[in-house]
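>>> Got a predicted structure here, sequence first:
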Amino acid sequence: MTYDTNNIFAKILRGEIPCHKVYEDAHTLAFMDVMPQADGHTLVIPKAGSRNLLDADPAALGPLMASVQKVANAVRKAFGAEGVLIQQFNEPAAGQTVFHLHFHILPRSTGAALRPHSGKMADHAVLAEHAARIRAALEV
Ligand code: 5GP
């Protein structure tokens, strides 16, 4: 299994395609999922390229999990969620569709169903508003 530098998240990292950015530091980037399974569905990725968790440099995981925690707290706050689901898929058999390591952050509330994985594209104005809400929650 090799890392393809032309995957969609590598293109986002290079600025070749746009994203609704939520957070960025030296090692990681967080942005809205374009087909959100819940309002506030955010992805956190390392800047270092790896297909998924299985081939990642262990040194990249500390900064990545610190960003996952930071963004998860902001998502919970921004959406008033009771809980937060963190998901991460490795290889197609496990549900992975984009082959650059990423963690899904999904705000959850009791009884609220998730929409399908890689389902319907969201309205960009809505994603922009959600990203702004999460950025504001990160600032306080
Ligand atoms: P995976 O199945 O690999 O864990 O998840 C990939 C995720 O990336 C899916 O939830 C899908 O909605 C999202 N996604 C696919 N293409 C794009 C894109 O071009 N931009 C963004 N922001 N998300 C994407």
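All right, it came through fine. Numbers count the residues shown, from 1 in each chain.
>>> Next SSE downstream of the longest helix along the chain?
Criterion DSSP state H: the longest helix present in the chain is helix 58-79. Per DSSP states H and E, the first helix or strand lying C-terminal to helix 58-79 is strand 83-87.
>>> do that following strand and the ligand meet?
No: applying CB under 6 Å from any ligand atom, one finds strand 83-87 out of contact with the ligand, separated by at least 7.0 Å. For every residue, glycine as well, the C-beta is placed using N, CA and C.
>>> quick one: contacts of that strand?
Strand 83-87 is contacted from outside by 68, 72, 75, 76, 103, 104, 105, 106, 107, 108, 109, using CB atoms under 8 Å, 6 or more residues apart in numbering.
>>> Please point out which parts of stretch 76-91 sit buried.
Judged by neighbour count (16 or more other CB atoms under 10 Å), stretch 76-91 contains these buried residues: 76, 77, 78, 79, 81, 84, 89, 90.
>>> Over to stretch 33-46?
Buried residues in stretch 33-46 (16+ other CB under 10 Å): 33-34, 36-46.
>>> Considering only those residues, which also neighbour the ligand?
Among the buried residues of stretch 33-46, the residues within reach of the ligand (CB under 6 Å from any ligand atom) are 33, 34.
>>> can you pull up the bridge partners for the most centrally placed residue in the chain?
Closest residue to the average C-alpha location of the chain: residue 43 at 0.3 Å, with CA atoms, centre = their mean. Beta-bridge partners recorded for residue 43 (DSSP bridges): residue 31, residue 104.
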